[in-house]
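>>> got a predicted structure here, sequence first:
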Amino acid sequence: MSADSNERDAQKEREWPLFEIFIRPRGGLDHKHVGSLHACDARMAIEHARDLYTRREEGVSIWVAPAASITASDPADADALFEPARDKIYRHPTFYDIPPEVKTL
């Protein structure tokens with residue numbers, strides 16, 4: 001191994017893991033992905049996310065997830081992945097009458 005390779009490996013070990021940050025806004029019903037940051041652990045990631053992404057008190061809940069733990073589908077496989085759901089129209093309430101007192105689904 002070269003000295004450069006050893007230095008890169010040592011640098012990688014010193015780096016903090018990457019966390020994906022999700023914030024639920026005030027009055028919102030779901031968490032939205034707002035960005036990523038490096039932190040030594042999940043608690044620190046929450047504290048940094050609070051400081052970076054909720055400066056105007058717009059959040060009521062923060063989720064953090066290690067980026068290495070997230071598995072995503074390949075956009076190239078979208079047709080094969082989502083095709084079976086397209087023929088199940090009953091999963092989408094487009095033909096139901098929704099009472100006016102129901103504000104959100």
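Alright, I've got the coordinates.

>>> which sections of this structure are below the confidence cut-off?
Low-confidence segments of the chain (pLDDT under 70): 1-3, 5-6, 8-13, 84-86, 89-93, 95, 105.

>>> give me the most central residue, it.
H33 (4.4 Å; CA atoms, centre = their mean).

>>> state the helix or strand in which that one lies.
strand 32-38 (DSSP states H and E).

>>> what about dumping the CA coordinates of that strand to CSV?
As requested, the backbone C-alpha atoms of strand 32-38 are provided in CSV (Å, rounded to 0.1, in the frame of the first residue of the first chain):
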residue,chain,number,x,y,z
LYS,A,32,-39.7,16.0,4.9
HIS,A,33,-36.1,15.3,4.0
VAL,A,34,-34.2,18.6,4.4
GLY,A,35,-30.6,17.7,4.0
SER,A,36,-27.6,15.8,5.3
LEU,A,37,-24.9,16.4,7.9
HIS,A,38,-21.9,14.7,9.5
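
>>> what's the angle between the helix or strand that it is followed by and strand 32-38?
The element immediately downstream of strand 32-38 (helix or strand, assigned by DSSP H and E) is helix 42-53. Angle between the axes of helix 42-53 and strand 32-38 is 120 degrees (criterion: axes from the mean of the first three to the mean of the last three CA atoms, to 10 degrees).

>>> contacts for helix 42-53, please.
Residues outside helix 42-53 that contact it (CB atoms under 8 Å, 6 or more residues apart in numbering): F19, I21, I23, V34, G35, L37, A39, G59, I62, V64, P66. C-betas here are computed from N, CA, C, even on glycine.
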